[in-house]
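**Student:** Starting from these lines, generate the structure:
(4 chains)
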2 protein chains.
Amino acid sequence: MNAATPQNAQTNSQRIATCLDLLREALPIQRRVVHAGDALYQAGERFTNLHVLNSGMVKIVNLSPDGREQVVGLHFRGDWLGFDGIATGSYGCDAIAMDTGEVWTFRYDALLEACVARPVLLSVLHEAMSREIGRDRDSMMSLCTLPADARVADFLRNWAEALSDRGLRTDQITLRMTRAEIGNYLGMTLETVSRALSRLARTDVIRFAEKGRREIQIPQVEALSEFIQRCVTPAAASTTAVMH
Amino acid sequence: MNAATPQNAQTNSQRIATCLDLLREALPIQRRVVHAGDALYQAGERFTNLHVLNSGMVKIVNLSPDGREQVVGLHFRGDWLGFDGIATGSYGCDAIAMDTGEVWTFRYDALLEACVARPVLLSVLHEAMSREIGRDRDSMMSLCTLPADARVADFLRNWAEALSDRGLRTDQITLRMTRAEIGNYLGMTLETVSRALSRLARTDVIRFAEKGRREIQIPQVEALSEFIQRCVTPAAASTTAVMH
DNA sequence: CGCCACTTTGAATTAGCTCAAATTCCGTGG
DNA sequence: CCACGGAATTTGAGCTAATTCAAAGTGGCG
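**Tutor:** Coordinates of the predicted model:
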C-alpha cells in the first residue's frame, strides 16, 4: 500500500488533467516539444509567458552573479513554470528540459484575461503558485534538518510521490539525473549521493534494477519514510515500530 | 552609497505603500496588533484569510510530523503571509510575530472579488507570490552553495536589503532573533552563527554596537558581498587580507 | 571494440557539530 | 541602586559527517 491513497492519486491526477483541459479550451496555447538539455527559458529573458508541462521533466536552475549554479526545482507533468518572472518582469532562473517532453506556453496577460471569463482558471493558477511555495519550504526544511542519507531518501520519496500524484507506478523509478545533478539539488557532493544510495540499497530500503544504476526500485515507499525517521530520531530503540 | 540606489529604495517603498493603500480602500480589513511570540496563524488551521504585515516582523515556521521545526521565512512591512494555505485549504506553517507589529487580515474570497473591480490588485497579489517564490529559491541557493560564514554574511545582506527596500537605514540593524533562531534559519548551529559573526567583526565587515550583541553595524553593505565573494572564490586572492 | 562519461569505493582532510565552561546581558526583586 | 538568577552569547577542544582527492569499475554508444 502506498503512502498516497489511491483516491488521492486519482484526485491529483484528475486535477492535473482538468487543469490542462481548462487551459487548452480557454487560451491560445503554443505547444513545443523539447529534448534533454533544451532551455525552455533562461534567466534574464523578458517575461511574457507562463508555461505548463504536459509531459517530460524540467529542472529549474538558479544562477548567481558569481557563477554558482543551483538546481532549485524539479517539475513534472502538470506543473507550472515561470512564476518567478511575474514580479521582476524577467525570469530569474533557467528552465532546462531533462527529458523529451511537451511544454505548453501561453501569454500571462492572455491568461489573466481568460480568468475574467473563467474564475476557476484563476483558482488553478493560485493553487499552482501556492503549491510551489509550499514545496520550496519543504525543500528548505529538508536541506536544513536532514543529514545527507536522509535527504537522499527524502528526495526519492518526493519523486515517488510526484509519480503517484500523476497516476504512475512508484515502485520503480528512473532517475534522469546524474549523481552530480542530484547532489547539486540536495546540497551535497556526487560522492555523498552515491554512498547514500549504496547504503539505502545495502539496507534494502531501495534496490538497483538489474542493469544500469539509474533505475531504482522502491519496494515500499514507507521504508523510505522509516529510514528518514531513523536518521532524525537520535537514539530511539532498534525496532521501535514508528507507530501509526 | 548603498547597494540599492535611492530611486530603487523609493520605488520599493512606494510599491509597499501603494499596496497597503490599495488593500485598505478595496477591502474590509481586520487590523490586529501582535506581540513577540504571538501566532498570526498556525499550521493546520483552516485557510480563509490572507495577511499583510503593516509593521513588525514575522517568522514562518515549518513543522514536520516528527517534530522538526524549521524557520523557512522572515517577513517585514508590506509582505504577504499565508499563501501556502491556498492550495491545500489550510496553512502549512506557523506564522509567529518576532516583535510588536500590526497585521492586516482579510478574506481571500473577498480579495478575489475585489480583484474583479480593481485588476491592479490582482497584479499586486501575483507579484507578491512571485517574489516569495524567487526569495525561496535564493534561500535554497544560499543553503546549498555557501559555507557557513558566507551564509551568515548573506543573511545580513538580505536583512539590510529588506530594510533598504522599506526606506530604512541599513548601516545599523537590530536582530530580533537569538543566535539559535538565526542558526535554525540558516541550517547551522548557534555556535557556528556566533563564530561567524565574531569573524565578520574581526575582519571589520561588521561591527557590534557598544552595548548588546544584537545590534550590528554594517558600515558598508558591499563589504558583505565582497566577503561572500571571497568565500566562494577558492584561491583567487587579489587582496588576500583574509587571514591575520 | 574501445572510448568517455558516469559511478563506486577508499583514504585522508576539514568544516561544522557537540560538549563544556566562562562571560555578558537583562529583568526582577530586595 | 544594587544584587541575583536565568537566558543568551562567546570561545575552546575534541569529534564526526561530509568533502576532497584518487583510483577502479561500469555502461552506453558510435
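
**Student:** drop to CA atoms for contacts and neighbour counts, all remaining ones
**Tutor:** Noted.

**Student:** Show me the domain layout of chain A.
**Tutor:** A:6-119, A:146-232 (automatic domain parsing).

**Student:** Let's test this: name the helix or strand in chain A with the lowest mean pLDDT.
**Tutor:** Ranked by mean pLDDT, DSSP states H and E, the weakest helix or strand in chain A is helix A:6-26, scoring a mean of 86.

**Student:** On the pLDDT front, check the closest residue to A:Ala162 other than its chain neighbours for me.
**Tutor:** Excluding the flanking residues, the one nearest A:Ala162 by CA to CA, 6 or more residues apart in numbering or on different chains is A:Phe76, at 7.6 Å. pLDDT for A:Phe76: 97.

**Student:** rewinding a little: can you tell which of the domains of chain A is closest to DNA strand D?
**Tutor:** Closest to DNA strand D of the domains of chain A, according to CA to the nearest atom of the strand: domain A:146-232, at 3.1 Å.

**Student:** how about the closest residue to A:Ser142 other than its chain neighbours, what does it touch?
**Tutor:** With sequence-adjacent residues excluded and distances taken as CA to CA, 6+ apart, A:Ser142 is closest to A:Arg151, at 6.3 Å. By CA atoms under 8 Å, 6 or more residues apart in numbering or on different chains, the residues touching A:Arg151 are A:Ser142, A:Leu143, A:Leu186, A:Ile228.

**Student:** how far away is A:Arg151 from A:Lys59?
**Tutor:** Computed as CA to CA, to the nearest Å, the A:Arg151 to A:Lys59 distance reads 18 Å.

**Student:** if we can go back for a sec, now do the helix or strand following the least confident helix or strand of chain A: which elements does it pack against?
**Tutor:** Downstream of helix A:6-26, the next assigned helix or strand under DSSP states H and E is strand A:30-34. Other elements packing on strand A:30-34 under the criterion 3 or more CA pairs under 8 Å, 6 or more residues apart in numbering or on different chains; DSSP states H and E are strand A:101-107.

**Student:** in its sheet, what does the strand it packs on sit against?
**Tutor:** Applying DSSP bridges, strand A:101-107 is found paired with strand A:30-34 (antiparallel), strand A:49-55 (antiparallel).

**Student:** what's the first-to-last distance across stretch A:172-183?
**Tutor:** 21 Å.

**Student:** that older thread, mean neighbour count, the strands paired with strand A:101-107: which tops it?
**Tutor:** Ranked by mean neighbour count, those are led by strand A:49-55 with a mean of 21 (mean count of other CA atoms under 10 Å in any protein chain shown).

**Student:** got the angle between the next helix or strand after that one and strand A:30-34?
**Tutor:** Once strand A:49-55 ends, the next helix or strand along the chain (criterion: DSSP H and E) is strand A:58-63. Inter-element angle recorded for strand A:58-63 and strand A:30-34: 80 degrees (by axes from the mean of the first three to the mean of the last three CA atoms, to 10 degrees).

**Student:** in the next helix or strand after strand A:58-63, what's buried?
**Tutor:** Heading C-terminal from strand A:58-63, the first helix or strand you meet, by DSSP H and E, is strand A:69-75. The neighbour-count check on strand A:69-75 (16 or more other CA atoms under 10 Å in any protein chain shown) flags A:Glu69, A:Gln70, A:Val71, A:Val72, A:Gly73, A:Leu74, A:His75 as buried.

**Student:** and the helix or strand following strand A:69-75, is it in reach of chain B?
**Tutor:** Counting by DSSP H and E, the element after strand A:69-75 in chain order, helix or strand, is strand A:80-81. No: Strand A:80-81 stays clear of chain B (CA under 8 Å from any CA of the partner chain), getting no nearer than 11.3 Å.

**Student:** Which residues of chain A lie near chain B?
**Tutor:** Neighbours of chain B within chain A, by CA under 8 Å from any CA: A:62, A:66, A:68-72, A:83-88, A:92, A:116, A:126-134, A:136-141, A:143-145, A:184-188, A:229.

**Student:** Centre-most residue in chain A?
**Tutor:** Chain A has A:Leu74 as the residue nearest its centroid, 3.7 Å off, counting by CA atoms, centre = their mean.

**Student:** I figured it hits A:Gly56, correct?
**Tutor:** No: contact between A:Leu74 and A:Gly56 fails when scored by CA atoms under 8 Å: they sit 10.8 Å apart.

**Student:** what residues do these two have in common as contacts?
**Tutor:** Counting by CA under 8 Å, 6+ apart, nothing touches both A:Leu74 and A:Gly56.

**Student:** What lies in contact with stretch A:177-190?
**Tutor:** A:70-73, A:98, A:143, A:148, A:151-152, A:155, A:191-194, A:214, B:143-145.

**Student:** how long is stretch A:52-65 from one end to the other?
**Tutor:** Counting by CA to CA, you get 28 Å between the two ends of stretch A:52-65.

**Student:** If you could redo that for stretch A:211-221, that was the one I meant.
**Tutor:** Criterion CA to CA; first-to-last residue distance in stretch A:211-221 is 21 Å.

**Student:** Mind giving me the packing neighbours of whichever strand or helix holds A:Ser123?
**Tutor:** Using DSSP H and E, A:Ser123 falls within helix A:119-145. When contacts are defined as 3+ CA pairs under 8 Å, 6+ apart, helix A:119-145 packs onto helix A:6-26, helix A:108-117, helix A:148-165, strand B:58-63, strand B:69-75, helix B:84-88, helix B:119-145, helix B:179-186.

**Student:** just the contacts of A:Arg151 now: which is nearest B:Gln14?
**Tutor:** Closest approach between the contacts of A:Arg151 and B:Gln14, by CA to CA: A:Leu143, at 35.1 Å.

**Student:** Tell me, what's the model's pLDDT at that closest one?
**Tutor:** Listed pLDDT for A:Leu143 reads 98.

**Student:** Counting neighbours, which of the contacts of A:Arg151 comes out on top?
**Tutor:** Within the contacts of A:Arg151, neighbour counts (other CA atoms under 10 Å in any protein chain shown) peak at A:Leu186, which reaches 26 neighbours.

**Student:** Quick check: the gap between it and A:Arg166.
**Tutor:** According to CA to CA, A:Leu186 and A:Arg166 sit 23 Å apart.

**Student:** repeat for A:Pro119
**Tutor:** According to CA to CA, A:Pro119 stands 24 Å off from A:Arg166.

**Student:** what about the helices and strands packed on helix A:119-145, which gets the closest to DNA strand C?
**Tutor:** Smallest distance to DNA strand C across the helices and strands packed on helix A:119-145 (CA to the nearest atom of the strand): 7.7 Å, for helix B:179-186.

**Student:** quick check: angle from that closest one to strand B:69-75?
**Tutor:** Helix B:179-186 and strand B:69-75 are oriented at 90 degrees to each other (the same axes, to 10 degrees).

**Student:** so helix B:179-186 versus helix A:119-145, what angle?
**Tutor:** Using the same axes, to 10 degrees: helix B:179-186 against helix A:119-145 is 120 degrees.

**Student:** so does helix B:179-186 get close to DNA strand D?
**Tutor:** Yes: shown here: helix B:179-186 in contact with DNA strand D (CA under 7 Å from any atom of the strand) through B:Arg179, B:Ala180.

**Student:** Which positions in chain A make contact with DNA strand C?
**Tutor:** So chain A meets DNA strand C at A:177-180, A:190-195, A:197-198, A:213-214 (CA under 7 Å from any atom of the strand).

**Student:** Buried ones only from those, please, as a PyMOL command.
**Tutor:** To isolate the buried members of those in PyMOL, using 16+ other CA under 10 Å:
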select buried, chain A and resi 179+180+190+192+193+194+197+198
